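S.K.: I would like to see how this sequence folds:
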Amino acid sequence: MCDLYWLTDEQMDRLRPFFPKSHDKPRVDDCRVLSGIIFVNRNGLLWRDAPREYGPHKTLYNRWKCWSAMGIFIRMMEELAPGKAEPQRIMIDATYLKAHRTASSLRFKKGGPGRLIGRTKGGMNTKLHAVTDRNGRPLDFFMTAGQGSDYTGAAALLDGLPPAEWMLADRGYDVDWFRGVLEEKGIKPCIPGRKSRGNPVKYDKRKYKRRNRIEIMFDRLKDWRRVATRYDRCPNVFFLATCLAATVLFWL
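M.R.: Numbers count the residues shown, from 1 in each chain. Just a heads-up that it's a prediction; the model follows:
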């Protein structure tokens, strides 16, 4: 029992407003089931390998599937983050998440978004783009195939940027259109220039040193085995596992 994960009463009080209301029959204990869902995702287990203390594994899987379809795990992060975020200085970056062979073993349906898995030098990967507050806590995510450009993720995340004074990013985001959009939003870019630039770009090196916090955030997310290695074929399921990990690690 000591190795199992259990949500505290305080954490459950914060999460309870996101749960759907039970109508006819009383629902199985939400704390026990959600704790089991977190344990399975954190340790990269098959649902049938969940410890008995969390109840039947079918209940865990059915609740995960039902709540995922309702968008509950995304709403948890989206609504909990703004209340505690410190967005005066925000950061953007991306990381590669290795895809297991089971995640890309079947063909996807034509006309769909695909599996968001691409081949890079490191093998088959999915790329996670993120925006964080000044403390490195995630505010928003976007997912692309591994070979996707940083610019693709940056463009997708721009509309959801909170009001901020500074944006910290590495030289991979040094492009004129990105700097221009940030300035239109009243955000000052703290981004070192590419070596190929003719004219050097000035930036605040002292502020830029704080960018390591977003890299620490990615490292902590990858402590969850189901995030560090993608086993899910469906990109939406994998994205939800990432949102759940971010909520538990940074916003509870």
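
S.K.: Going by residue numbers, what spans are helices in the stretch 1-150 of the chain?
M.R.: For the stretch 1-150 of the chain, applying DSSP state H, counting those that start in this stretch gives helices covering 9-15, 30-43, 57-69, 72-84, 150-157.

S.K.: got those as JSON lines, with mean neighbour count and distance to residue 209 columns?
M.R.: To be clear about C-beta, it is placed using only N, CA and C from the backbone, and glycine gets the same treatment. Supplementary listing: these in JSON lines, determined by neighbours: other CB atoms under 10 Å; distance: least, CB to CB, whole Å:
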{"stretch": "helix 9-15", "mean neighbour count": "13", "distance to residue 209": "33"}
{"stretch": "helix 30-43", "mean neighbour count": "20", "distance to residue 209": "31"}
{"stretch": "helix 57-69", "mean neighbour count": "17", "distance to residue 209": "38"}
{"stretch": "helix 72-84", "mean neighbour count": "17", "distance to residue 209": "24"}
{"stretch": "helix 150-157", "mean neighbour count": "18", "distance to residue 209": "20"}
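
S.K.: Out of those helices, the one nearest residue 101 is which?
M.R.: Put simply, out of the helices of the stretch 1-150 of the chain the one that sits nearest residue 101 is helix 30-43, at 19.7 Å, with distance taken as CB to CB.

S.K.: can I have that closest one written out in PDB, keeping just the CAs?
M.R.: Only the C-alpha atoms of helix 30-43 are listed here, as PDB (Å, rounded to 0.1, in the frame of the first residue of the first chain):
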ATOM      1  CA  ASP A  30     -13.900   8.900  -7.400                       C
ATOM      2  CA  CYS A  31     -10.800   9.300  -5.300                       C
ATOM      3  CA  ARG A  32     -10.000   5.600  -5.600                       C
ATOM      4  CA  VAL A  33     -10.600   5.400  -9.300                       C
ATOM      5  CA  LEU A  34      -8.800   8.600 -10.200                       C
ATOM      6  CA  SER A  35      -5.800   7.600  -8.000                       C
ATOM      7  CA  GLY A  36      -5.700   4.300  -9.900                       C
ATOM      8  CA  ILE A  37      -5.900   6.100 -13.300                       C
ATOM      9  CA  ILE A  38      -2.900   8.300 -12.200                       C
ATOM     10  CA  PHE A  39      -1.000   5.200 -11.000                       C
ATOM     11  CA  VAL A  40      -1.400   3.400 -14.300                       C
ATOM     12  CA  ASN A  41      -0.400   6.400 -16.400                       C
ATOM     13  CA  ARG A  42       2.600   7.300 -14.200                       C
ATOM     14  CA  ASN A  43       4.000   3.800 -14.300                       C
END
